[in-house]
Structure formats: C-alpha cells, structure tokens
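>>> Quick one, fold the following:
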Amino acid sequence: MKLIWGFLMILCSIFSQPPAAPGADLIKLPRPAPKGSVSVEEALTARRTVRLFASRSLDLQQVSQLLWATQGVTDPRELRTAPSAGATYPLEIYLVAGDRGVTGLSPGVYRYRPGDHALELTLKGDHRTAVAQACLSQSWMAEAPVMAVFAAEFRRCTARYGDRGVMYTHMEVGFAGENLFLQAEAMGLGAGIVGAFADKALSQTLKLPREHEPLLVMPVGYKH
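Okay, the predicted model is just below:
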C-alpha cells in the first residue's frame, strides 16, 4: 500500500507541472541556499506586512531563494516547500519584475517552474502599475521591485477531492504565502500581501491562462 501511495504521489506531482510552452526559453535560477543566518523564531517575531519599499533592485540569487521558499522542490519525489493536498499542487506562481527590478533580468511577467527551478517569460514589459490598478488602485504596490502573483488551477485538486479541493487550494496558498513572508524577512527584505483585486482585470493584465485564477499578490523588496 505504501508503494502504491508513493507512486500516486509521484504521478500527481508530474501531472501538476505541465511542460513549458513550445519554444519557451527557461531562465535557470541560481541554486538556493539550504541554510540561513536567521532562525524561524526570529523571522516569525520580526515579520510584518510591508507597504513602503526602497528604490533598490533585487538580484537573481534573491529571487531564486524567494521562489524556492514559496514553491520549490525539496524532495526526489518532487514534493515542495509548502504542503499540498494529495501532492496535487494546484498553485502557479508568477513573478512580475519591474524595470531595474532584478539585476540581470528584463522587466516582464515570468512563470516559476518548480521542477526546473527556472523562470519562463510569459509577457514582456513592466506591468507593476497595471497590476496595482487591478488591485483597486493600490499604488504603493508598484514601488516594489517585484511582485509574486499566486494563481490556482483548481481542477488539479478538485479532480481528486471534488468541491472540497477548492478549500484545500485556498489553504495551500496560505501556506505558500507565509513561506514567502518568512523567507523575505530572513533575507532582510519585506513583503506585502493583497487579496483585494478585480479578478478579471488582473488576469487580463498578466495574460494568465484561462484556467489560472488569481488568488493573492505579494509585493517584495527592501523595506523603506
């Protein structure tokens, strides 16, 4: 029974990671660090929601660490940093990088590929202001060098758990969002969190696939 369950988990993790679009260029991210200098307890104590960001770029190593903490693969069975019901992994993470937001990375919208620990460019240009407008005109968001947009393909989870899979997916985005909060704090960065947005407007701004429904936006950068 254990072997069968393990095999099913592997299948779920594979099918939850659709292949990159044909001809897509993947930007391989630097290897994340497995150990930091700030304890979990220290990060929990210091963590606050940040809404003021300094005009300072991140680098690819920082982006790598943040995305890995959010949804990175940590096990040969393709299990990730955040728990997922039945290892169905319905979440998709998009990085919105601004102009000079990340050193060495062109402004654009990038889909994080956990299995490859890589970024796939899905939309060129700086879309931070448009994202902020879709988030009920919360202009402070556009000051952050990057934003992480959490979207969900619910059917990955509901195919196994029915309507209850929707609740499980909402639980999972909470786990992943807290991972990002704590990793940012441990790195001397700050993160905001936004759930107030016009779903259709945000999806259109980011040109998300129809099946990817936005759930959460988290601006990240150096604290002002």
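>>> now the helices for the protein?
2-15, 40-46, 60-71, 128-134, 155-161, 164-186, 199-206 (DSSP state H).
>>> which of the residues in the fourth one are buried?
Meaning helix 128-134. By 16 or more other C-beta atoms under 10 Å, the buried positions in helix 128-134 come out as 128, 130, 131, 132, 133, 134. C-beta here means a position set from N, CA and C on the backbone, and glycine is covered the same way.
>>> In CSV, list those along with distance to residue 33 and pLDDT.
Shown next, in CSV, are those (distance: C-beta to C-beta, whole Å; pLDDT from 0 to 100):
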residue, distance to residue 33, pLDDT
128, 27, 98
130, 33, 98
131, 29, 98
132, 31, 98
133, 35, 98
134, 33, 98
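>>> ok, so of the residues you listed, who is nearest residue 94?
Comparing those against residue 94 with C-beta to C-beta picks out residue 131 as the nearest, at 9.9 Å.
>>> list the contacts for that closest one?
Taking C-beta atoms under 8 Å, 6 or more residues apart in numbering, we find residue 131 in contact with 96, 141, 142, 147, 149, 202, 205, 206, 217.
>>> could you say what helices and strands the strand ranked longest in the chain packs with?
Counting by DSSP state E, the longest strand found in the chain is strand 213-221. Under the contact criterion of 3 or more C-beta pairs under 8 Å, 6 or more residues apart in numbering; DSSP states H and E, strand 213-221 touches strand 146-152, helix 164-186, strand 190-191, helix 199-206.
>>> elements contacting the shortest one?
Contacts of strand 190-191 with other secondary structure elements, assessed using 3+ C-beta pairs under 8 Å, 6+ apart, are made with helix 164-186, strand 213-221.
>>> For residue 107, find the nearest of the ones you listed.
Among the helices and strands packed on strand 190-191, strand 213-221 sits nearest to residue 107 (C-beta to C-beta), with 14.3 Å.
>>> now the closest one: mean pLDDT?
Taken as a whole, strand 213-221 has a mean pLDDT of 98.
>>> Pull out the CA atoms of it and give them to me as CSV.
C-alpha atoms of strand 213-221 as CSV (Å, rounded to 0.1, in the frame of the first residue of the first chain):
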residue,chain,number,x,y,z
GLU,A,213,-7.3,32.0,-11.4
PRO,A,214,-5.5,34.7,-9.3
LEU,A,215,-5.7,34.3,-5.5
LEU,A,216,-3.1,36.6,-4.0
VAL,A,217,-0.5,39.2,-4.8
MET,A,218,2.6,39.8,-2.7
PRO,A,219,4.9,42.7,-3.5
VAL,A,220,8.5,42.1,-2.3
GLY,A,221,11.6,44.3,-1.9
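>>> worst average pLDDT in the helices of the chain?
helix 2-15 - the lowest mean pLDDT of those, at a mean of 46.
>>> which non-adjacent residue is nearest the residue nearest in space to the middle of the chain?
Closest residue to the average C-alpha location of the chain: residue 93 at 3.4 Å, with C-alpha atoms, centre = their mean. Spatially, and ignoring its direct neighbours in sequence, residue 93 is nearest to residue 112 (4.3 Å; C-beta to C-beta, 6 or more residues apart in numbering).
>>> The one you found touches residue 94, doesn't it?
Yes. Shown here, residue 112 and residue 94 form a contact pair, counting by C-beta atoms under 8 Å, at 7.2 Å.
>>> gap between residue 215 and residue 91?
According to C-beta to C-beta, to the nearest Å, residue 215 and residue 91 sit 8 Å apart.
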